[in-house]
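Visitor: predicted model, plus sequence, below.
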Amino acid sequence: MSKIEFNPRKKQHIDFMHTIIMDLHNEIFNMSLAVVRKEIPKKELETKIILYKKYSRRLKILEL
């Protein structure tokens, strides 16, 4: 076992990233419905999707 597994600060950061990703996932789902109804511009949804991908990649790197 490595020291990284017992790092509480890293675990806290991973948990924080999980919450951010889940919040973004919910926002993307709700916004997609609004985009289909043409209530908000598509650009806002694309920005959220880019953030979701970026945070997901960061989380994968952290979990290594």
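Guide: Looks like it came in fine.
Visitor: so how far is stretch 27-43 off the chain centroid?
Guide: On the basis of CA atoms, centre = their mean, to the nearest Å, stretch 27-43 sits 18 Å off its chain's mean C-alpha point.
Visitor: sec struct for residue 40, please.
Guide: Secondary structure for residue 40, judged by DSSP: H, G, I helix; E, B strand; the rest coil, is coil.
Visitor: which pLDDT value belongs to the nearest residue to it once chain neighbours are set aside?
Guide: By the measure of CB to CB, 6 or more residues apart in numbering, the closest residue to residue 40 outside its immediate chain neighbours is residue 34, 4.8 Å from it. C-betas here are computed from N, CA, C, even on glycine. As predicted, residue 34 sits at a pLDDT of 91.
Visitor: how about the residue nearest the centre of the chain, what does it touch?
Guide: Taking CA atoms, centre = their mean, the centroid of the chain lies closest to residue 21, which sits 2.4 Å from it. When contacts are counted by CB atoms under 8 Å, 6 or more residues apart in numbering, residue 21 touches 52, 55-56, 59.
Visitor: are any of those buried, and which?
Guide: 52, 55, 59 (16 or more other CB atoms under 10 Å).
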